[in-house]
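> Return a 3D structure for these sequence lines:
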Amino acid sequence: MGHELSVLRERIDKTDEDFIAYLAARTQIVTEIAEYKIKNNQPIVQREIENQRLERIMQLAREAGLDPEFARAVYYTIILGSSCMEIQIQESSK
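Residues are numbered from 1 along each chain as shown. Predicted structure coming up:
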């Protein structure tokens, strides 16, 4: 039984590594988006787009058999962090 648990924990570790890699890739894209918004005088925070993205995430979660509110909470945190990062980029470009 202990060996099975160890294997499962290794799978969790690998999934966590993949998740962090995806977050890093997403962060790079967020940087590019922030630069575009600054260059084109667009607002950094766009609530309507954020809400659309959260609705999409909840739908994807439902389709994957995941609790949509859990997925929403996780992605809300990611979006909040992304917005903060975009604001920092905007402030440093002044």
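> could you say which helix or strand contains the closest residue to residue 30 other than its chain neighbours?
Spatial nearest neighbour of residue 30, chain neighbours left out: residue 82 (4.6 Å); criterion: Cβ to Cβ, 6 or more residues apart in numbering. Every residue, glycine included, has its C-beta placed from N, CA and C. Per DSSP states H and E: residue 82 is located in helix 68-92.
> got it, and residue 13?
Judged by DSSP H and E, residue 13 forms part of helix 2-39.
> So which elements touch that helix?
Contacts defined by 3 or more Cβ pairs under 8 Å, 6 or more residues apart in numbering; DSSP states H and E place helix 2-39 against helix 68-92.
> check contacts around the residue nearest the centre of the chain.
The centre of the chain sits closest to residue 78, judged by Cα atoms, centre = their mean, with a distance of 3.9 Å. By Cβ atoms under 8 Å, 6 or more residues apart in numbering, the contact set of residue 78 is 23, 26.
> what's the spacing between it and residue 23?
7 Å (Cβ to Cβ, to the nearest Å).
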